[in-house]
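J.: Give the three-dimensional model of this entry:
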Amino acid sequence: MPSLPVLANAGAMNQFIGAFEVTSKLSGHVYRCSFSHIWNAIATRHSDTIDAKFVVDDEGHIVGLAHTAFVEFRKKTGRDLTDREASFVAAEYLRDRLEEEDERPLYDVAHIEVMRLIERVGIK
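T.: Numbers count the residues shown, from 1 in each chain. Sure thing, here's the model as predicted:
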């Protein structure tokens with residue numbers, strides 16, 4: 001079986017994704033975003049998610065990715081989604097929400113949406 005490219009967990013976690021900006025489609029407001037870290041929320045907030053923290057305009061925001069999507073990804077591909085790959089998926093979701101000015105401290109991303117974003121980002 002050929003090896004597929006993997007976004008490895010190399011370097012400091014807060015450097016997985018560089019700082020980025022998102023412009024609201026509604027008002028033109030430009031959100032300044034940076035990635036902080038990712039962790040297993042099953043233990044910390046008793047949620048069946050993998051949480052990614054971002055700082056948006058100097059305030060913390062959490063994107064909780066449904067853990068069941070990680071399990072499905074493993075079944076489909078035979079490998080785990082790396083933390084770096086999960087951070088890219090979370091950033092993609094955050095971009096979508098901020099473009100619509102849907103700004104909140106916690107986003108819970110459903111299984112089907114995580115799977116759609118994995119495909120959109122091009123992770124195999």
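J.: Below-threshold pLDDT in this protein: ranges please.
T.: Scanning the chain for pLDDT under 70 picks out the ranges 1-8.
J.: one more time with 50, if that's ok
T.: In the predicted model, the chain carries pLDDT under 50 at residues 1-3.
J.: the helices in it, which residues?
T.: Taking DSSP state H as the criterion, the chain carries its helices at 41-44, 67-77, 83-99, 111-121.
J.: and the residue most central in space within the chain, what is it in contact with?
T.: For the chain, the residue nearest the mean C-alpha position is Ala90 (1.3 Å; C-alpha atoms, centre = their mean). Ala90 makes contact with Ile38, Ala52, Phe54, Val63, Leu65, Val109, according to C-beta atoms under 8 Å, 6 or more residues apart in numbering. Placement of C-beta: from N, CA and C, glycine included.
J.: Then Leu98?
T.: If a contact means C-beta under 8 Å, 6+ apart, then Leu98 has Val22, Ser24, Tyr31, Cys33, Val56 as its contacts.
J.: Of these, just the buried ones, ChimeraX syntax please.
T.: Buried subset of the contacts of Leu98, written as a ChimeraX selection, criterion 16 or more other C-beta atoms under 10 Å:
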select :22,31,33,56
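J.: between the contacts of Leu98, which is closest to Asp80?
T.: Distance from Asp80 was checked for each of the contacts of Leu98 by C-beta to C-beta. The minimum falls on Cys33, at 25.6 Å.
J.: and the longest strand along the chain, what other elements does it pack with?
T.: Using DSSP state E, we find that the single longest strand of the chain is strand 30-40. Counting contacts by 3 or more C-beta pairs under 8 Å, 6 or more residues apart in numbering; DSSP states H and E, the secondary-structure elements packed against strand 30-40 are strand 20-23, strand 49-56, helix 83-99.
J.: Can you add distance to Phe70 and give these back as TSV?
T.: Conversion of these to TSV gives the following (distance: least, C-beta to C-beta, whole Å):
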stretch	distance to Phe70
strand 20-23	23
strand 49-56	6
helix 83-99	7
